[in-house]
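[1] below are the sequence and a predicted model; questions follow.
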Amino acid sequence: MTVYSKKITIHTKERIQFVKVTDLIRQSVKESGVQDGIVLINSMHITSSIFINDDEKGLIRDFEIWLERLAPKDFPYNHNKTGEDNGYSHLWRTIMGREAVVSVQNFELELGKWEEIFYGEFDGQREKKILIKVLGE
Amino acid sequence: MTVYSKKITIHTKERIQFVKVTDLIRQSVKESGVQDGIVLINSMHITSSIFINDDEKGLIRDFEIWLERLAPKDFPYNHNKTGEDNGYSHLWRTIMGREAVVSVQNFELELGKWEEIFYGEFDGQREKKILIKVLGE
Amino acid sequence: MTVYSKKITIHTKERIQFVKVTDLIRQSVKESGVQDGIVLINSMHITSSIFINDDEKGLIRDFEIWLERLAPKDFPYNHNKTGEDNGYSHLWRTIMGREAVVSVQNFELELGKWEEIFYGEFDGQREKKILIKVLGE
C-alpha cells in the first residue's frame, strides 16, 4: 500500500475565481506511483471549494450568478459582526463542496469524459492551499 | 490490500429520474471480496449525482420540486448559449452531490437503517455510467 | 494496512443543533494507530450531516437562517403526507452534506487552520450515530 501527500498553493488575482486544477492533480497522481486506488482532493480553507463539473465558460459564470442568488454577498450575516465581510463565502463553499474523491486507475485519474476538477475561490487574493492524498497499490 | 473497480451502466426512460442503486452497490462490494474498508460510488457525468437519502416516494418528488425552485429549468443560463439546454442540470448535480463514500464492514455496505443510495439523473435518456471503487482488506 | 471503525452516539437537546466533533474524531484517529491515511466521517442518518466549516457562533446561526430560507420547515412537503413532519430536514442535510473525508498525517487529523468538523442535527432529540472509518498505514 502506498500513501502519498502533497499540497499545492493557489493565489487568485480575483476575490472570486474558478481555477481548473485537473492537470495539477493528474501530475500529483503520477508522482505518487499509485497504480490503482483513490485520490482525495480538498481545499484547506473554509471559504473555498474543490468540485467537479464542466469546463465551459458560460457555466462558470452561471455558478457565480446562482451562488449570488442563493447566498448574496450583501446580506446582514451574523458572521460579519465579527468584523469579517465574507459570510457569503462560507455558504458558497457549502453549496460547492469541500472535497472530491476520485478513482485512480492505471496510474491515471479516472474521470468521466467531461469531468474536470476545479478550485472555487470565494474570498481570495491571498495564499490558499489544496491538499492531495493518494492511496492505493 | 485489495482494490476493486467496477462500472455500471444506467439508461433512464425519463430526462429526470431517481434510481435506487443500493443493491447494485451491495452486490459489487460482495464481488470485491473486501471485508473491511470503504467504497467510493460516483457518477461519471456532470449532470447526474450519487446521493444517500430516504427511499420514500414523497421525498423523491420533493427533491425535484425543490431543485426546480433553487435552479429552474427555464432560465437564461449562459451555458445554454452553447446550444445546450441543460444548464439547470449542472446546478442540480452540484446540490445533490457527485459521489458518496461508504464504510464496508464484514463484506457488507455499512449504512444507517434508512440510508439508501440513489443515482439522480437530471439529463437522461441516454447511456450513463456509475463508477464503484472498493478499497480495503 | 490498517482499517479502524468506530461509532459515536449523539443525542442533542434541541431539534436543530450544531455540535463540534473535531476532538472526538481526533481521538478516534489516535486510537486507530494509523500514521498516514484518510478518515471517513459520516452521519448514519438521513436528517443530519457531517460538514467542515468555521467554529464561529454567528456563522452557525447564519447556517440555520439560510437553510430555513432555502427549505422552510413550514412547507407542504409530500414527504410529510406519510405522517412525518421532517421533510425540510432531508433537504437541509442534502445542502450540508452527509460525510467528510480528511487526511491523516503523522497520527493526526490534517485540517486547515480554521477547519472544524461539525455534526449538524436537523431532527434530533433522539439517539443518532456517527460512523468513523480510518484507513492507512
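    In hand now; what should we look at? Please read all numbers here as calculations on a predicted model, not as lab measurements.
[2] quick one: the strands in chain A, in order.
    A:2-11, A:17-20, A:36-43, A:48-53, A:99-105, A:108-109, A:116-121, A:127-136 (DSSP state E).
[3] okay if I get the ones you listed as a markdown table plus distance to chain B, mean pLDDT and mean neighbour count?
    No exception for glycine: its C-beta is placed from N, CA and C like everyone else's. Formatted as a markdown table, these follow (distance: least, CB to the nearest CB, whole Å; pLDDT from 0 to 100; neighbours: other CB atoms under 10 Å in any protein chain shown):
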| stretch | distance to chain B | mean pLDDT | mean neighbour count |
| --- | --- | --- | --- |
| strand A:2-11 | 10 | 97 | 16 |
| strand A:17-20 | 13 | 98 | 17 |
| strand A:36-43 | 5 | 98 | 24 |
| strand A:48-53 | 5 | 98 | 24 |
| strand A:99-105 | 5 | 98 | 23 |
| strand A:108-109 | 12 | 98 | 16 |
| strand A:116-121 | 8 | 98 | 23 |
| strand A:127-136 | 6 | 98 | 22 |
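[4] CSV for the ones you listed, including distance to C:Phe118?
    Shown next, in CSV, are those (distance: least, CB to CB, whole Å):
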stretch, distance to C:Phe118
strand A:2-11, 24
strand A:17-20, 26
strand A:36-43, 16
strand A:48-53, 17
strand A:99-105, 15
strand A:108-109, 30
strand A:116-121, 20
strand A:127-136, 19
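[5] so can I have JSON lines of those showing distance to chain C?
    As requested, the strands of chain A are exported to JSON lines (distance: least, CB to the nearest CB, whole Å):
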{"stretch": "strand A:2-11", "distance to chain C": "5"}
{"stretch": "strand A:17-20", "distance to chain C": "17"}
{"stretch": "strand A:36-43", "distance to chain C": "5"}
{"stretch": "strand A:48-53", "distance to chain C": "10"}
{"stretch": "strand A:99-105", "distance to chain C": "6"}
{"stretch": "strand A:108-109", "distance to chain C": "16"}
{"stretch": "strand A:116-121", "distance to chain C": "13"}
{"stretch": "strand A:127-136", "distance to chain C": "5"}
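[6] surely A:Asn42 touches A:Val102?
    No. Here A:Asn42 does not reach A:Val102: they are 11.7 Å apart, not a contact under CB atoms under 8 Å.
[7] the residue nearest the centre of chain A pairs with what?
    The centre of chain A sits closest to A:Ile50, judged by CA atoms, centre = their mean, with a distance of 1.8 Å. Note on A:Ile50: beta-bridge partners by DSSP bridges are A:Tyr119.
[8] what about it, distance to C:Arg98?
    Spatial separation of A:Ile50 from C:Arg98 under the definition CB to CB, to the nearest Å is 17 Å.
[9] ok, A:Lys7 next?
    When CB to CB is the yardstick, A:Lys7 and C:Arg98 sit 26 Å from each other.
[10] can you check A:Lys113 too?
    From A:Lys113 to C:Arg98 the distance is 26 Å (CB to CB).
[11] more neighbours, the two?
    The neighbour comparison of A:Lys113 against C:Arg98 (other CB atoms under 10 Å in any protein chain shown) goes to C:Arg98, with 25 against 8.
[12] need the longest helix for chain A.
    Across chain A, the helix with the greatest residue count (assigned by DSSP state H) is helix A:57-70.
[13] do that one and chain C meet?
    Yes. Between helix A:57-70 and chain C, judged by CB under 8 Å from any CB of the partner chain, the touching residues are A:Leu70.
[14] can I get that helix as CSV, trimmed to CA atoms?
    C-alpha atoms of helix A:57-70 as CSV (Å, rounded to 0.1, in the frame of the first residue of the first chain):
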residue,chain,number,x,y,z
LYS,A,57,-17.1,29.4,-19.5
GLY,A,58,-20.8,30.1,-19.6
LEU,A,59,-21.4,27.5,-16.9
ILE,A,60,-18.7,29.0,-14.7
ARG,A,61,-20.5,32.4,-14.9
ASP,A,62,-23.8,30.7,-14.2
PHE,A,63,-22.2,29.2,-11.0
GLU,A,64,-21.3,32.7,-9.7
ILE,A,65,-24.7,34.2,-10.6
TRP,A,66,-26.5,31.3,-9.0
LEU,A,67,-24.4,31.4,-5.8
GLU,A,68,-25.1,35.1,-5.5
ARG,A,69,-28.9,34.3,-5.8
LEU,A,70,-28.7,31.6,-3.1
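[15] that one vs helix C:57-70, what angle?
    If you take axes from the mean of the first three to the mean of the last three CA atoms, to 10 degrees, helix A:57-70 sits at 100 degrees to helix C:57-70.
[16] next, the buried residues of helix A:57-70.
    Along helix A:57-70, the positions that meet the burial threshold by neighbour count (16 or more other CB atoms under 10 Å in any protein chain shown) are A:Gly58, A:Leu59, A:Ile60, A:Asp62, A:Phe63, A:Glu64, A:Trp66, A:Leu67, A:Leu70.
[17] quick one: is that helix near chain B?
    Yes. Under the criterion of CB under 8 Å from any CB, chain B is reached by helix A:57-70 at A:Lys57, A:Gly58, A:Leu59, A:Arg61, A:Asp62, A:Phe63, A:Ile65, A:Trp66, A:Leu70.
[18] centre of the chain to that helix, how far?
    Distance, stretch centre to chain centre, for helix A:57-70: 16 Å (CA atoms, centre = their mean, to the nearest Å).
[19] give me the residues contacting that helix.
    A:16, A:18, A:53, A:88, A:91-92, A:95-96, A:120, A:122, B:70-71, B:77-82, B:87, B:90-91, B:94, C:70 (CB atoms under 8 Å, 6 or more residues apart in numbering or on different chains).
[20] ok, stretch A:76-89 next?
    Contacting residues not belonging to stretch A:76-89 are listed as A:47-48, A:67, A:71-73, A:75, A:90, A:122-123, C:54, C:56-59, C:61-62, C:65 [CB under 8 Å, 6+ apart].
[21] for that stretch, measure first residue to last.
    Between the opening and closing residues of stretch A:76-89 there is a gap of 13 Å (CA to CA, to the nearest Å).
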